[in-house]
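Q: I'd like to go over a predicted model; first the sequence, then the structure.
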Amino acid sequence: MSSVNVKVDGDVQRLMKRLGRIASVDKAGINNAIAEGLRTSTIERFQTEKSPEGKKWRQSVRARNEGGKTLTKSSTLRTSIRSEASVDGLAVGTNDIRAATHQFGDTRTIKAKRKKVLRFQINGRWVSKKEVKVTIPARPFLGVSEEDEEEIKKLLGKALEEA
């Protein structure tokens, strides 16, 4: 049989007490606070029209032609943002079917269905096509910004100080 001897210098009792308090930290509460903060900052991105990295979204054709903000015509995507938290972790996201297209961008092919061709205007001139490829640029709204990271660090720091 082998044995191990460990010698610890310093105030072991104080260290053990502190470790015990850290173990009792309200992880679900902390995760909930972080999740709500991330949800709020995600929703604010629809107002500022910027990605978590601070990059301005490319203006949509609808916003350019009709006015208003990009990704906010009906506010359905913005109002679908939800957060969940538990002891084990947290999540911020949406179940909106269009979310991935807007988050990552996509190329779509639009084909004429009811008629032989699609008719639309480009620079004031009418054009007819059987199909058209449309590129939807990425307009990331989900993610953690530097500001979010700072808020998370503050929350965690405060929780550890109180432990």
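A: On my side now, so go ahead.
Q: can you name the residues bridging to residue 84?
A: Here residue 84 shows beta-bridge partners residue 91, assigned using DSSP bridges.
Q: so who does it touch?
A: 35, 90, 91 (C-beta atoms under 8 Å, 6 or more residues apart in numbering). In short, each C-beta sits where N, CA and C put it, glycine included.
Q: residue 42 now?
A: Here residue 42 is in contact with 81, 92, 141, 142 (C-beta under 8 Å, 6+ apart).
Q: closest to residue 45 among those?
A: The shortest approach to residue 45 among the contacts of residue 42 belongs to residue 141, at 4.7 Å (C-beta to C-beta).
Q: and the closest one, what's its pLDDT?
A: Looking at residue 141, its pLDDT stands at 97.
Q: any idea which element it lies in?
A: Here residue 141, judged by DSSP states H and E, is contained in no helix and no strand.
Q: for burial, what's the neighbour tally of it?
A: Neighbour count for residue 141, taken as other C-beta atoms under 10 Å: 23.
Q: residue 110 bridge partners, please.
A: residue 132.
Q: hang on, it packs against residue 117?
A: No - the pair residue 110 / residue 117 is not scored as a contact, 11.5 Å apart, by C-beta atoms under 8 Å.
Q: can you tell me the distance between the two ends of stretch 68-85?
A: 33 Å (C-alpha to C-alpha, to the nearest Å).
Q: is residue 148 in a helix, a strand, or coil?
A: Here residue 148 is recorded as helix under DSSP: H, G, I helix; E, B strand; the rest coil.
Q: pLDDT at it, what is it?
A: 96.
Q: not counting sequence-adjacent ones, nearest residue to residue 52?
A: For residue 52, ignoring the flanking residues on the chain, the nearest one in space by C-beta to C-beta, 6 or more residues apart in numbering is residue 143 at 3.3 Å.
Q: same question for residue 100.
A: residue 106 (7.9 Å).
Q: list phi and psi for the residue nearest to the spatial centre of the chain.
A: For the chain, residue 142 is the residue whose C-alpha lies nearest the centre (C-alpha atoms, centre = their mean; 1.7 Å). As for residue 142, its main-chain torsions (degrees, to the nearest 10) stand at phi -90, psi 140.
Q: residues contacting it?
A: 42, 52, 92, 93, 94, 99, 103.
Q: show the subsequent helix or strand relative to the longest helix along the chain.
A: Ranked by residue count, the top helix of the chain under DSSP state H comes out as helix 27-48. Downstream of helix 27-48, the next assigned helix or strand under DSSP H and E is helix 61-66.
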